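[1] Sequence and predicted model, in that order:
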Amino acid sequence: MSEIDLDTQTSNSSDDGEALAERCRLLGIEWLDKAPEIEQEIARLIEPDVAVRLRVIPIERENGHLLVAMADPLDVTAADEVGAIAGMTIRRVGLEADAFSDLMRGTYGTTAARMAESLAAESGMSSSTELEHNLDAIEAGDIHRMAEEPTLINLVNLLLLEAIQSRTSDVHIEPFESELKVKYRVDGVLSEQSPPPKHLQPALIGRIKIMAGMNIAERYVPQDGHITLRFEGRKVDIRVSTVPTLYGESVVMRILDKSSIQLQLKTLGMDQEHRDTMDTLISKPHGLVLVTGPTGSGKTTTLYACLSKLYDPRKKIITIEDPVEYELGGINQIPVNPKRGLTFAMGLRAILRQDPDVIFVGETRDAETIDIVIRSALTGHLVFSTLHTNDALSSIGRMIDMGAEPYLAASVLEGLLAQRLGRRLCPECMEWAPLSEDLSHRLTPDERDLLNGKMPVSNGCESCRNQGFYGRLGFFELIRVNSTLRAAIAESSSVAELKGALPDDFRTMRDDGIAKVARGETSIDEVLRATQDVDEA
């Protein structure tokens, strides 16, 4: 599938911007590095959706000429269209990409929601109840025609642009009886956006399906697709999933922005003690290291960080994943494809014939996979994998439930890491406040002593878009399997007996989280929310 270039709708990379500026100067076109002051009366000469589509902003009227700031002053067609709309001769001025984006937002407050409203008003499409309840009656050809309208293309591009700029991990488009909801998941929390009109639903979803290479005519079965965007000089992958609901197709777009992934254990929030233990584990010549936690707890990212640190041209590293979320340089990555018979178990057997040194299995799901994983670790390979369990010790019971022999599990296990994700307090506006009474009652005496009557809070600022949080960090519990614990596993000991075999310095995820609260990195609420299922286990 070809890449879709959002830069053509938004901004150029820095290198392209410098080249464009130089070309403009050679042609005698003025180039500005800072945004000029403009009057709203002049800006209103061009409608917001036209300004976004053509990437132009009227800034001054002089002697019957209209001075127009442009992201690309060499776009003569756009200049001609603005001249025709304004009824004046156009004089072009170039403006640096970031300054242009800031001026556009400040002038028009252009958002996907505002553009959708403008598009709805111009579309002439009926928003009647009859249409809203008979979306299935619209033919696929009509949807395709609507989805190829330039303004609708810009609307979808702007929606994706806003999502990427706001660090959104997932975009949800949910159809209901009389409205179409759009939600962004930022730092693990969904927030509802201003919704586009309901009668734009067929065209909006149709456009997304076209971009993802999906069947636009099929609306009654789930579909999966993939979009590749080029944005500000970097590649952004988007996984698209649709499912039919009572009132149309629900769409979820998972944004995989490689530039935002943090492939260092320190930046993921792991402290020095845990990092030292992980360094010891990943330097083992063979054995099994398991990372556990629910979906969305950052397991794969942590293992990617381990693999990146482990990478050495003298080692053969192969992964099998469902799906491959990020491409890692120098590492062979295999995507699972059940439709063609490529399961974890089948792929793992093939991997063993590839002479690997290190193997990463995206998820251990069944008896066949756990059997091959254990045998791979027994035969001289270092194996990483993930499980869905509440805490680190529970993964031992899960392995045995899937058919692993206790003595085999004991012989291959080297480390168990459990983790959760919480939101990181914005460092720009974090401040200390007295420990509140209601939160104090939820803490243990040792935890209250650690906080010393204070807690970090954040009321929001411009840097975090008034959310009080910026990014996420992990809460970890890490077990290095020693001889005492290994013997207890081999004897099929109970969880209580296994806990008794843990070293004295073992810290739970909650302990790790409260320590981060004491350092002002996250809030008490985030730690309690993220670890409550472990406390209840």
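    Done, it's in. Keep in mind that this is a model prediction, so the values were computed, not measured. Numbering: from 1, shown residues only.
[2] could you pull out the strands for the stretch 101-250 of the chain?
    Listed from the start of the chain, the stretch 101-250 of the chain has strands (DSSP state E, counting those that start in this stretch) covering 168-175, 180-186, 189-193, 223-231, 234-245, 248-257.
[3] scratch that, the stretch 351-500 of the chain
    For the stretch 351-500 of the chain, applying DSSP E, counting those that start in this stretch gives strands covering 358-361, 382-387, 413-425, 430-434, 454-458, 469-480.
[4] Report the separation between residue 305 and residue 328.
    Note on residue 305: its distance to residue 328, by CB to CB, to the nearest Å, is 10 Å. Every C-beta, even on glycine, is put in place using the N, C-alpha and C of the backbone.
[5] more crowded one of these two?
    Neighbour tally, residue 305 and residue 328, criterion other CB atoms under 10 Å: the higher count belongs to residue 305, 23 against 18.
[6] give the contact list for that one.
    The neighbourhood of residue 305, defined by CB atoms under 8 Å, 6 or more residues apart in numbering, consists of 262, 263, 264, 265, 268.
[7] where does this protein have its least confident helix or strand?
    Averaged element by element with mean pLDDT, DSSP states H and E, the chain has its least confident helix or strand at helix 129-132 (a mean of 45).
[8] re earlier: quick one, which of the strands of the stretch 101-250 of the chain is nearest to residue 467?
    The minimum distance between residue 467 and the strands of the stretch 101-250 of the chain falls on strand 180-186, with 7.6 Å, by CB to CB.
[9] elements contacting the closest one?
    Contacting strand 180-186 under the criterion 3 or more CB pairs under 8 Å, 6 or more residues apart in numbering; DSSP states H and E are the following elements: helix 150-165, strand 168-175, strand 189-193.
[10] From one end of stretch 41-55 to the other, what's the distance?
    18 Å (CA to CA, to the nearest Å).
[11] With stretch 487-494 instead?
    Start and end residues of stretch 487-494 are separated by 12 Å (CA to CA).
[12] Offset the numbering so it begins at 55, please.
    Okay, residue one is now 55; in that scheme the one you just asked about reads as stretch 541-548.
[13] average pLDDT for it?
    Model confidence over stretch 541-548, given as mean pLDDT, is 93.
[14] Dump the strands of the stretch 405-554 of the chain to JSON lines, plus distance to residue 335 and mean neighbour count.
    Converted to JSON lines, those look like this (distance: least, CB to CB, whole Å; neighbours: other CB atoms under 10 Å):
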{"stretch": "strand 412-415", "distance to residue 335": "12", "mean neighbour count": "25"}
{"stretch": "strand 436-441", "distance to residue 335": "9", "mean neighbour count": "25"}
{"stretch": "strand 467-479", "distance to residue 335": "4", "mean neighbour count": "24"}
{"stretch": "strand 484-488", "distance to residue 335": "33", "mean neighbour count": "13"}
{"stretch": "strand 508-512", "distance to residue 335": "31", "mean neighbour count": "19"}
{"stretch": "strand 523-534", "distance to residue 335": "7", "mean neighbour count": "23"}
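[15] mind putting the ones you listed in a markdown table, mean pLDDT and distance to residue 120 included?
    Output for the strands of the stretch 405-554 of the chain, formatted as a markdown table (pLDDT from 0 to 100; distance: least, CB to CB, whole Å):
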| stretch | mean pLDDT | distance to residue 120 |
| --- | --- | --- |
| strand 412-415 | 96 | 58 |
| strand 436-441 | 96 | 59 |
| strand 467-479 | 95 | 46 |
| strand 484-488 | 95 | 47 |
| strand 508-512 | 95 | 45 |
| strand 523-534 | 94 | 40 |
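[16] do you know which of the ones you listed lies nearest residue 354?
    Taking CB to CB as the criterion, strand 436-441 is the member of those that comes nearest to residue 354, at 7.0 Å.
[17] what's the closest one in contact with?
    Contacting residues not belonging to strand 436-441 are listed as 336, 338-347, 353-354, 357, 360-361, 411-418, 427, 430-431, 449, 452-453, 466 [CB under 8 Å, 6+ apart].
[18] List the pairing partners of that strand within its sheet, with orientation.
    Strands that pair with strand 436-441, judged by DSSP bridges, come out as strand 341-346 (parallel), strand 412-415 (parallel).
[19] Show me the one of those strands that comes nearest residue 279.
    Evaluated with CB to CB, the strands paired with strand 436-441 place strand 412-415 nearest to residue 279, the distance being 25.5 Å.
[20] before we move on, the earlier item: indicate which one of the helices and strands packed on strand 234-240 is closest to residue 560.
    Set against residue 560 and scored by CB to CB, the helices and strands packed on strand 234-240 come closest in strand 243-247, at 30.4 Å.
[21] quick one, the closest one and strand 222-229 angle?
    Using axes from the mean of the first three to the mean of the last three CA atoms, to 10 degrees, the interaxial angle of strand 243-247 with respect to strand 222-229 works out to 50 degrees.
[22] Show the contacting residues for the residue nearest the centre of the chain.
    Residue closest to the average C-alpha location in the chain (CA atoms, centre = their mean): residue 223, at 2.7 Å. When contacts are counted by CB under 8 Å, 6+ apart, residue 223 is found next to 239, 240, 242, 308, 309.
[23] ok, of those residues, which one's closest to residue 202?
    The shortest distance between residue 202 and any of the contacts of residue 223, using CB to CB, involves residue 309 and amounts to 23.6 Å.
[24] now the closest one, nearest residue through space, not along the chain?
    In space, and not counting its chain neighbours, residue 309 is closest to residue 292: 5.5 Å by CB to CB, 6 or more residues apart in numbering.
[25] next one: residue 415
    residue 439 is the one closest to residue 415 (CB to CB, 6+ apart), at 4.2 Å.
[26] residue ranges for the helices of the stretch 255-404 of the chain, please.
    Shown for the stretch 255-404 of the chain, the helices assigned by DSSP state H, counting those that start in this stretch span residues 255-265, 326-336, 353-364, 398-406.
[27] now, of those helices, which is deepest in the fold?
    Comparing those by mean neighbour count (mean count of other CB atoms under 10 Å), helix 255-265 comes out on top with a mean of 24.
[28] any idea how far that helix is from the chain center?
    In terms of CA atoms, centre = their mean, to the nearest Å, the gap separating the centre of helix 255-265 from the centre of its chain is 21 Å.
[29] Then stretch 217-225?
    Using CA atoms, centre = their mean, the offset of stretch 217-225 from its chain centre is 7 Å.
[30] Over to stretch 484-496?
    Going by CA atoms, centre = their mean, where stretch 484-496 is centred and where its chain is centred differ by 31 Å.
[31] could I have that stretch exported to PDB, CA atoms only?
    The C-alpha coordinates for stretch 484-496 follow below in PDB (Å, rounded to 0.1, in the frame of the first residue of the first chain):
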ATOM      1  CA  MET A 484       3.900  19.700  39.400                       C
ATOM      2  CA  GLU A 485       3.900  21.100  42.900                       C
ATOM      3  CA  TRP A 486       3.700  19.600  46.400                       C
ATOM      4  CA  ALA A 487       0.600  19.800  48.500                       C
ATOM      5  CA  PRO A 488      -0.400  18.400  52.000                       C
ATOM      6  CA  LEU A 489      -1.400  14.800  51.900                       C
ATOM      7  CA  SER A 490      -5.200  14.700  51.800                       C
ATOM      8  CA  GLU A 491      -7.200  12.900  54.400                       C
ATOM      9  CA  ASP A 492      -9.100  10.700  52.000                       C
ATOM     10  CA  LEU A 493      -6.000   9.500  50.300                       C
ATOM     11  CA  SER A 494      -4.100   9.100  53.600                       C
ATOM     12  CA  HIS A 495      -6.700   6.500  54.700                       C
ATOM     13  CA  ARG A 496      -5.900   4.400  51.600                       C
END
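[32] which other residues reach it?
    Taking CB under 8 Å, 6+ apart as the criterion, the residues outside stretch 484-496 that touch it are 502, 505, 507-513, 574, 578-579, 582.
[33] can we see that at 7 Å?
    Surrounding stretch 484-496, the residues in contact under the criterion CB atoms under 7 Å, 6 or more residues apart in numbering are 502, 505, 507, 508, 509, 510, 511, 512, 574, 578, 582.
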